[in-house]
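Asker: The sequence and its predicted three-dimensional model are supplied below.
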Amino acid sequence: MTLTPLKTPIRDAAMALLAVIFLVMGAAFSIVALEAVWWEGALGSSSGLASVRGDLGLWTFVAHSDILGATFTSKPVYLNATTLCGGSESVVTIQEACSGIQATRALVGAAVAFSSVATLASLFSFGALLNCGGKCDDQLGKRLLLISSGLAITAAGLMIGAMIAGAVAGHGMGLGNFGTLTYAMGPGVYGAIFQIVICLLGAALATSAWNDLNHHHKVLRHMEAGSQV
């Protein structure tokens, strides 16, 4: 006998919807991590009359100078330019820092890709669990839940690797070791942290919904088999 599509319990559909919301947020924070500033540094004069700030992201560097109350901002300098990370004339220290930044960029980019695919999988899963107006089998939705969970965990793992690479790059640049230079994490780092936490929460919700649906389907099959006896 061919089984008809099994109705998804409201509780499991709600968990799947929450997983979608969390994974959408995780993908958004991945993009923040890719585009925003990772390192913020400031060097102040002893008299307090002037200071220089620098914002370094995975793609550009921007300097800000405060002189006698007036603020001057430089044009963005792209890290792939020959003066920074794009040529062979850089000194060894700069090359090491550039390698760390480029590794961080690659890992964050991969995390963005996996987060985006996980979000799409969770969206298709939720649609299938709602049966797509009778056109989808909720078994497909159940399988996609597990796939989206695995993709989200992979995205979080890649972002953890990016943060490690970023920390190594920051250490290679000697941030925090030059007199009155102060160093702080930029919004890109916080975006990476939030992405890790939210993607793992989304993966946990998707896995929990998958487990519940698995149990629900087994119970219904058992009841159907019993009714045929």
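Answerer: Nice, thanks for sending it over.
Asker: Just name the shakiest helix or strand of this structure by mean pLDDT.
Answerer: Using mean pLDDT, DSSP states H and E, the weakest-scoring helix or strand in the chain turns out to be strand 181-185, at a mean of 62.
Asker: For this structure, just list every one of the helices.
Answerer: For the chain, helices defined by DSSP state H occupy the ranges 10-35, 92-129, 138-172, 187-228.
Asker: In the protein, where is pLDDT below threshold?
Answerer: 1-9, 42-50, 68-69, 81-84, 86-95, 132-138, 172-183, 215-229 (pLDDT under 70).
Asker: what do you get if the cut-off is 90, keeping everything else the same?
Answerer: Flagging of the chain using pLDDT under 90 yields the residue ranges 1-16, 38-102, 124-145, 166-186, 208-229.
Asker: in it, which residue is closest to the centre?
Answerer: With distances taken as CA atoms, centre = their mean, the residue of the chain nearest its centroid is Ser30 (3.1 Å).
Asker: Quick one: residues contacting that residue.
Answerer: When contacts are counted by CB atoms under 8 Å, 6 or more residues apart in numbering, Ser30 touches 108, 111-112, 115-116, 155, 159, 191, 195. C-beta: built from backbone N, CA, C; applies to glycine.
Asker: returning to that earlier point: Gly57 is nearest to which of the helices of the chain?
Answerer: Proximity to Gly57 (CB to CB) singles out helix 187-228 among those, at 6.1 Å.
Asker: Next, format the helices of the chain as JSON lines and append distance to Trp59.
Answerer: JSON lines is the format used below for these (distance: least, CB to CB, whole Å):
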{"stretch": "helix 10-35", "distance to Trp59": "8"}
{"stretch": "helix 92-129", "distance to Trp59": "7"}
{"stretch": "helix 138-172", "distance to Trp59": "13"}
{"stretch": "helix 187-228", "distance to Trp59": "10"}
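Asker: Would you mind saying which of these lies nearest Ala70?
Answerer: So among the helices of the chain, helix 187-228 is nearest, using CB to CB, at 25.3 Å.
Asker: picking that back up, which among the helices of the chain is found nearest to Ala63?
Answerer: Comparing the helices of the chain by CB to CB, helix 92-129 comes nearest, at 16.1 Å.
Asker: Figure out how far that closest one is from the centre of its chain.
Answerer: Distance of helix 92-129 from its chain centroid, counting by CA atoms, centre = their mean, to the nearest Å, is 6 Å.
Asker: Remind me what that helix packs against, helices and strands.
Answerer: In terms of contacts (3 or more CB pairs under 8 Å, 6 or more residues apart in numbering; DSSP states H and E), helix 92-129 is packed against helix 10-35, helix 138-172, helix 187-228.
Asker: With distance to Val62 as added columns, please give the ones you listed in CSV.
Answerer: Shown next, in CSV, are the helices and strands packed on helix 92-129 (distance: least, CB to CB, whole Å):
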stretch, distance to Val62
helix 10-35, 13
helix 138-172, 17
helix 187-228, 13
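Asker: Any idea how many residues pack against the residue lying closest to Ala103 once chain neighbours are set aside?
Answerer: Distances taken as CB to CB, 6 or more residues apart in numbering put Ala165 closest to Ala103, at 4.4 Å, once the chain neighbours are dropped. Using other CB atoms under 10 Å, the number of residues around Ala165 comes to 20.
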